[in-house]
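**Student:** Below is the sequence, then the predicted model.
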Amino acid sequence: MASVFFRTKLGTTEELAAAPGQPLTDVLRRHGIPPNAVLTWRNGAIVAEDITVVEPDDVIELRQVRHYDLDV
């Protein structure tokens with residue numbers, strides 16, 4: 001099962017709902033996170049948000065790098 005974690009600039013972490021086969025940009029949009037507000041790692045390797053698709057065994061970490069008033 002895929003896991004997507006969002007780490008804020010405040011140091012909090014939240015798991016985001018994501019399904020295998022779902023584009024990462026859709027996951028971000030559903031949770032109100034602008035794609036240019038994060039850097040993304042999938043299974044330990046940095047990846048581009050706009051081409052990443054969630055796979056069944058992925059561990060995806062999103063780290064907030066720009067300050068937005070995000071409601072997560």
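**Tutor:** Perfect, I can see it now.

**Student:** okay, and for this protein, where does confidence drop off?
**Tutor:** 68-72 (pLDDT under 70).

**Student:** change it to 80
**Tutor:** Within the chain, the ranges that satisfy pLDDT under 80 run 66-72.

**Student:** all helices for it, in order.
**Tutor:** 24-30 (DSSP state H).

**Student:** That one: strands as residue ranges?
**Tutor:** Under the criterion DSSP state E, strands of the chain are mapped to 3-7, 13-16, 38-42, 45-47, 59-64.

**Student:** Turn those strands into JSON lines, including mean neighbour count and distance to residue 27.
**Tutor:** Every C-beta, even on glycine, is put in place using the N, C-alpha and C of the backbone. Below are the strands of the chain laid out as JSON lines (neighbours: other CB atoms under 10 Å; distance: least, CB to CB, whole Å):
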{"stretch": "strand 3-7", "mean neighbour count": "17", "distance to residue 27": "6"}
{"stretch": "strand 13-16", "mean neighbour count": "12", "distance to residue 27": "6"}
{"stretch": "strand 38-42", "mean neighbour count": "18", "distance to residue 27": "10"}
{"stretch": "strand 45-47", "mean neighbour count": "10", "distance to residue 27": "13"}
{"stretch": "strand 59-64", "mean neighbour count": "18", "distance to residue 27": "8"}
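
**Student:** and residue 22, which of the ones you listed is closest to it?
**Tutor:** Residue 22 lies closest, by CB to CB, to one member of the strands of the chain: strand 3-7, at 9.4 Å.
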